[in-house]
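# Model the following, please.
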Amino acid sequence: MEQIPITTQLPPIKPEHEVSLDAGEGAVDHSGSGSPNNGELRDVFDRIKTHFPPAKVKKIMQTDEDIGKVSQATPVIAGRSLEFFIALLVKKSGDMARDQGTKRITADILKKTILNDEKFDFLREGVCAEESQAQEEEEEEEEEESA
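Residues are numbered from 1 along each chain as shown. I've put the predicted structure just below:
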């Protein structure tokens, strides 16, 4: 009797399985039409060439003590979501760099992208926290120098 090998990796998620990104809709958009924003997001999705290995994602997830067993699909979906997020952040930052007349994406441009685009609201706390921490350190250094 011939054994069939069991794969532990799921195939990559293809764009045609993408759920519509328009707020309030749960329908799958197979046509490629829709809002102009959806076309832009589809373009970003199609350009992703590198992938996060699900085994590494699972290993990182399980470093948290609160996470127990992880289903096979979870690291694949988390990895693809991360790829999509990074591609979108880089695209928006690249657009902002072009608007400023530069060809490089610097930390300052990433920061401006995060502060100006509402999709990255959840990152603002981290960006602003780093800024306030740097200001506090500068103030402490000034106080030490004056003393």
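
# Any chance you could list what contacts stretch 86-94?
41, 44-45, 47-48, 105, 109-110, 113-114, 117, 119-120 (C-beta atoms under 8 Å, 6 or more residues apart in numbering). Where you see a C-beta, it was placed from the backbone N, CA and C, and this is true even at glycine.

# no, scratch that, I was asking about stretch 122-131
Contacts for stretch 122-131 (C-beta under 8 Å, 6+ apart): 111, 114-115.

# Average pLDDT for that stretch, rounded please.
The average pLDDT within stretch 122-131 is 79.

# residues of it that come out buried?
By 16 or more other C-beta atoms under 10 Å, the buried positions in stretch 122-131 come out as 123, 127.

# List the buried residues of whichever strand or helix holds L88.
Taking DSSP states H and E as the criterion, L88 maps to helix 73-99. Judged by neighbour count using 16+ other C-beta under 10 Å, the buried positions of helix 73-99 are 75-76, 78-80, 83-84, 87-89, 91-93, 96-97.

# follow-up on the earlier one: okay, the contacts of stretch 86-94 in TSV with secondary structure and neighbour count next?
TSV is the format used below for the contacts of stretch 86-94 (DSSP: H, G, I helix; E, B strand; the rest coil; neighbours: other C-beta atoms under 10 Å):
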residue	secondary structure	neighbour count
L41	helix	20
V44	helix	19
F45	helix	18
R47	helix	10
I48	coil	15
I105	coil	17
I109	helix	19
L110	helix	19
T113	helix	23
I114	helix	20
D117	coil	17
K119	helix	14
F120	helix	18
